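Student: sequence and predicted model, in that order:
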Amino acid sequence: MTIRDLDPVTQHSVELDVLETLWRNGIDLAVTVPCKYIARLIVETEQDPRFTLLYPSREEEGLGIAAGAALAGRGAVMLLQNSGLGNMVNAYCSLNLYYGIPLCLIVTHRGDELERVPAQVPMGERTERLLDLLGIRVVLLEKPTDLARFEAEIEAHRSAAASVAFLTKKTFWSPS
């Protein structure tokens, strides 16, 4: 049973469009340290037989899995919240940057103006600068109409073999 079976209104959602775009562009492995903003995306990925979804214990482990997949020629995406970026800085620099291994991230932007957990705000205020410092292209996705940009940037990521982070606002995702 999927979310679509439970509620016919959700048959077409941003999450399904994101999965379809990833699949069309050769990305079939997702690695996640979950965030509530993307709970529906994670469930849909889990239930889609085209995808393999892995749950590493830490972001650095997930980064290693995604890097290994890239080296093997497989398309991978990491799904995480921005607080997890800090955990993977050294691994990204010493593995992906050093060896030129591209990384695709879908990052939920916690700590923005809609945040209800004050402890998320300090990282939220620094997320874009951190990604820029790491040399990871940032693509901000604020609303469902940004899906066209998502598609174009996934294509660019795959063709240029360059790292990209889709920094997604809560307002981008389908309401729960």
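Tutor: It's in.
Student: hey, let's count contacts and neighbours off CA atoms from now on
Tutor: Noted.
Student: please enumerate residues in contact with stretch 162-176?
Tutor: When contacts are taken as CA atoms under 8 Å, 6 or more residues apart in numbering, the neighbours of stretch 162-176 outside the stretch itself are 13-15, 37-38, 40, 101-110, 114, 131, 135-144, 146, 150, 157.
Student: pull out the buried residues from the helix or strand harbouring A69.
Tutor: Assessed by DSSP states H and E, A69 sits inside helix 59-71. The neighbour-count check on helix 59-71 (16 or more other CA atoms under 10 Å) flags 59-67, 70 as buried.
Student: and the pLDDT for the spatially most central residue of the chain?
Tutor: In the chain, the C-alpha closest to the average C-alpha coordinate belongs to I106, at a distance of 1.6 Å (CA atoms, centre = their mean). According to the predicted model, the pLDDT of I106 comes to 98.
Student: what lines up beside the helix or strand hosting it in the sheet?
Tutor: In this assignment (DSSP H and E), I106 forms part of strand 104-108. Strands flanking strand 104-108 in the sheet, each with its direction: strand 75-81 (parallel), strand 164-168 (parallel) (DSSP bridges).
Student: which members of the contacts of stretch 162-176 occur in strands, if any?
Tutor: Mapping the contacts of stretch 162-176 onto strands (DSSP state E) picks out 104-108, 137-141.
Student: and the helix holding A69, what does it pack onto?
Tutor: Helices and strands touching helix 59-71, by 3 or more CA pairs under 8 Å, 6 or more residues apart in numbering; DSSP states H and E, are strand 27-32, strand 75-81, helix 89-91.
Student: could you dump these to TSV with distance to R50?
Tutor: Rendered in TSV, the data for those read as follows (distance: least, CA to CA, whole Å):
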stretch	distance to R50
strand 27-32	6
strand 75-81	12
helix 89-91	28
